[in-house]
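Asks: sequence first, then the predicted structure:
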Amino acid sequence: MGLLRWFSQVWAVTLLNLRTIGQRRGSSAATVFGVAGVVMVFVAVLSIAEGFHATLAATGSPAGVIVMRGGSDSEMMSGISRDNARIIADGPGVGRTGQGETASSELYVVVSLPKRTTHTDANVPLRGVQPAAFAVRGNIHLISGRPFRWGHNEVIAGVGAARQFAGLDLGSTLHLGENVWQVVGIFESGGSLSESEIWTDVDLLMPAYRRTLFQSVHLELASPAAFDRFKDALTTDPRLDVSVLREADYYAEQSRSLTTIITRLGYSITILMGIGAVFGAVLTMYSAVASRTREIATLRALGFGSGPVEVSVLAESLVLALAGGVIGGLLAYLLFDGYRTSTLNWQSFSQVAFAFKVTPRLLVTAIVVTLPMGLIGGIFPAIRAGTLPVASALRET
Amino acid sequence: MRFLPLVWKNLGRRKVRTTFTALSIVISFLLFGILAAIRLAFSAGVDVTGADRLAVTHKVSIIQPLPISYGDQIARVPGVREVTHANWFGGIYKDPKNFFPRMGVDPVTYLDIYPEIKLPEDQKKAWLADRTGAIVGRVTADRFGFKVGDRIPILSTIYTKLDGGRTWDFTVDGIYDAPKGFDTSALFFQYDYLKEAAFTTNQVGWYIIRISDPQHAQRIVDQIDALFANSHAETKTSTEKAFAEGFAKQAGDIGAIITGIVSAVFFTLLLVAGNTMAQSVRERTSELAVLKTLGYGDGLVMRLVLFESCLLALVAGGLGLVLAKLATSGGDPTGGFLPVFYLPGRDFGLGIGLAVALGLATGALPAWQAMRLRIVDALRRV
């Protein structure tokens, strides 16, 4: 049989199959929705990890550095004295603006505020900063209200925190110990972690939380290349016991465990569901073949080879799976992309507000995942269709 | 029961289809079981909190410590039976990813208030006599292979010792067990050991108190909080259940979201399986008519069809649940993040109920049709 003829047979039978899907509406729809469900869950679960990761990845500039006490794995646990903070800010390679070094000594604590969705208390991060903090971050923009005044009991809230937690609306008040603090502004910072935080003057926050030590120094180097020299200078300074990290590395580490867990959960659930959907696809294709037994036998009697018949069944199964994949991906995108929530970041023991993120890469992965499902679902029924004994199949009712 | 062979033969007439239908039901219920374990893990500990226990924390946030002097004042509030306290120690065991909770507690009162912590008497005695000793929960002991007598070095990220070092050595004096659902991942050591820290602050992380009568909980909560109102460290007292729930809900909607979307798929898979089961009965219309011709009553035919779908759903669903039980018996799959991870008996029962419901639902329509079937119509149809 010529190759060309073989292909034209495949083409003809496949078209026939696809055109008659409408007659097997019920079971075909079940397969499509089965696959769509799997893909939707796959995309939705992994978009949690993507979103969380994106928030932490958006935090920290290439030249950004965080200095904490040696051995600390998060700001919350760290401590740095005022004298040491001075030495750190004077380190080699630290950037400068008209107001001095781009280094901000900070205090990072949490305040209990009720989550809007559950009405239970959550640890909302509260950061005391120095004026250089705005130059260090570079991307803090107020979207309403005004900046807090230094030396006043005033705070500005990140847009993520304000959205997720009650009591952070413009003009509302916070009770921290004996003092009352007013929310005077809401800021955004390009989707970074800072948007989960509340900011205020560190010199007022320290007495309010009865602290005498800073916890970290955030600084911006004049250039990313200056990092090694800066780090060597600090770690070899006998007066200091500090760990020096690029902000990007620090935040990647912070997101690692949650991202790993969600990804692992996502994949194992998906594999399980995928197996379930493959069974669904097998069932559908078997019944598609069974309901067309006579039709297939007629084709074979007319001279169509068993190869084209097999390929056409496989093709139908692939098309159904792909359709499911596309529908599932679209549904996940429509339902979950941009869905806002917050969770506890165990490393810093504080809340991170973030949005689910359905990335194009995720969608492509999901659709690729459907192909083996369609293939496996179609292969046994295809063999059955190809090996039907023509004579007895023609007689079948 | 004497119709069991007939029903079994019917199930076996299309072996491939029955197998795949059964397999998709197995997978659905496996998923259901794992889901129940995940949901439980995200709300860890909430179910096993004592109604007679209250937690007292700093009002501003849990990271703020409370003075140790509060303990005596709380103990004098009427209705309070016993007070104990705990400090979060944190720290790193070899690598940050080897996370498990470590807490400094007052051993005698803590074990009194938490009878769930089951410690052999000799190990308890050894711990009480050993200032640098610790007890470790079963989950963590198994995870790292800790045995009684081992020394565990923990690098503290909070407490510096008097000599400037930050590595604290703990001797394992005991390994405790607890009823299912109670987190056994924590290491407890004596609060007194913390007096070797460079800055002894005489502060504790939180208090746990036991009250005589849970009905008076609200009054006691109000009284304790009133006691410290307008001081520099105001308190927030809540029932242990609310305290634990608050913690669980911090991790947030993630658990709820995963549960939600996976349940949707659970039902999709069931729909596919149910559709096939119904279809296989429809195909046998003429056979059912033959049965009726032979004298099988309407009711009997209906019961036979229902019995067949229920049998398939129950066998496959039960197998799925057993697999889920096995899959979750290994405990925490995430390495310390979800310490309480198992399939609770209640959800197992619920799963069985769902399987029966599935059998009835998928069998109902074909069974009803089978009952109403008129022999002449059915036999005419080809």
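Replies: Cool, the structure landed.
Asks: what residues does the spatially most central residue of chain B make contact with?
Replies: The centre of chain B sits closest to B:L40, judged by C-alpha atoms, centre = their mean, with a distance of 3.2 Å. Contact analysis of B:L40 by C-beta atoms under 8 Å, 6 or more residues apart in numbering or on different chains lists B:47, B:181, B:340-342, B:344, B:347. C-beta coordinates here come from the backbone N, C-alpha and C atoms, glycine included.
Asks: how is the chain partitioned into domains?
Replies: Assuming you mean chain A. According to automatic domain parsing, chain A comprises the domains A:3-57+A:254-395, A:71-240.
Asks: oops, wrong one, chain B.
Replies: According to automatic domain parsing, the ranges for chain B are B:4-44+B:252-380, B:60-233.
Asks: is it possible to export the ones you listed to CSV including distance to A:G79?
Replies: Output for the domains of chain B, formatted as CSV (distance: least, C-beta to C-beta, whole Å):
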stretch, distance to A:G79
domain B:4-44+B:252-380, 26
domain B:60-233, 9
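Asks: those: which one's closest to A:L240?
Replies: The closest of these to A:L240 is domain B:60-233. By C-beta to C-beta, the value is 13.7 Å.
Asks: circling back to that earlier point, pretty sure the residue nearest to the centre of chain B is in a helix, no?
Replies: Yes - counting by DSSP: H, G, I helix; E, B strand; the rest coil, B:L40 falls inside a helix.
Asks: and the stretch 1-150 of chain A, which residues reach chain B?
Replies: Neighbours of chain B within the stretch 1-150 of chain A, by C-beta under 8 Å from any C-beta of the partner chain: A:26-27, A:30-31, A:33-34, A:37-38, A:40-41, A:44-45, A:48, A:71-74, A:76-78, A:109-112, A:115, A:117-118, A:120-123.
Asks: list only buried entries from the residues you listed.
Replies: Applying 16 or more other C-beta atoms under 10 Å in any protein chain shown to the residues of the stretch 1-150 of chain A next to chain B, the neighbour count classes A:27, A:30-31, A:33-34, A:37-38, A:40-41, A:44-45, A:48, A:71-74, A:76-78, A:109-112, A:115, A:117-118, A:120-123 as buried.
Asks: just give the number of residues close to B:G145.
Replies: For B:G145, the count of nearby residues is 7 (other C-beta atoms under 10 Å in any protein chain shown).
Asks: helix or strand with the lowest mean pLDDT in chain A?
Replies: Scoring the helices and strands of chain A by mean pLDDT, DSSP states H and E places helix A:247-291 at the bottom, with a mean of 79.
Asks: pull out the buried positions in the helix or strand following that one.
Replies: Per DSSP states H and E, helix A:247-291 leads on to helix A:293-302 as the next helix or strand towards the C-terminus. Judged by neighbour count using 16+ other C-beta under 10 Å, the buried positions of helix A:293-302 are A:293, A:296-297, A:299-300.
Asks: return helix A:293-302 as CSV; C-alpha atoms alone will do.
Replies: Taking C-alpha atoms only, helix A:293-302 is exported to CSV below (Å, rounded to 0.1, in the frame of the first residue of the first chain):
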residue,chain,number,x,y,z
THR,A,293,-18.7,-2.0,15.4
ARG,A,294,-20.7,-2.4,12.2
GLU,A,295,-19.5,0.8,10.8
ILE,A,296,-15.9,-0.1,11.3
ALA,A,297,-16.4,-3.6,9.9
THR,A,298,-18.0,-2.0,6.8
LEU,A,299,-15.0,0.3,6.3
ARG,A,300,-12.7,-2.7,6.6
ALA,A,301,-14.8,-4.6,4.1
LEU,A,302,-14.6,-1.7,1.7
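Asks: quickly, which of the domains of chain A bottoms out on average pLDDT?
Replies: Out of the domains of chain A, domain A:3-57+A:254-395 stands lowest, with a mean of 84 (criterion: mean pLDDT).
Asks: and that one, end to end?
Replies: One end of domain A:3-57+A:254-395 sits 31 Å from the other (C-alpha to C-alpha, to the nearest Å).
Asks: stretch A:73-87 too?
Replies: With C-alpha to C-alpha as the measure, stretch A:73-87 spans 21 Å from end to end.
Asks: which stretches in chain B count as helices?
Replies: Per DSSP state H, chain B carries helices over the ranges B:4-12, B:15-42, B:70-75, B:107-113, B:121-128, B:138-144, B:217-227, B:240-251, B:253-282, B:285-293, B:298-328, B:345-372, B:375-380.
Asks: now the ones you listed as CSV including mean pLDDT?
Replies: Formatted as CSV, the helices of chain B follow (pLDDT from 0 to 100):
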stretch, mean pLDDT
helix B:4-12, 83
helix B:15-42, 84
helix B:70-75, 94
helix B:107-113, 94
helix B:121-128, 95
helix B:138-144, 89
helix B:217-227, 92
helix B:240-251, 76
helix B:253-282, 72
helix B:285-293, 83
helix B:298-328, 90
helix B:345-372, 87
helix B:375-380, 77
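Asks: nearest to A:F279, of these?
Replies: Minimum separation from A:F279 across those (C-beta to C-beta) falls at helix B:15-42, 4.0 Å.
Asks: what ranges do the strands span in chain A?
Replies: Secondary structure of chain A (DSSP state E): strands at A:64-69, A:96-97, A:100-101, A:103-114, A:121-129, A:141-145, A:154-158, A:173-176, A:179-188, A:198-201, A:216-220, A:242-246, A:340-345, A:350-355.
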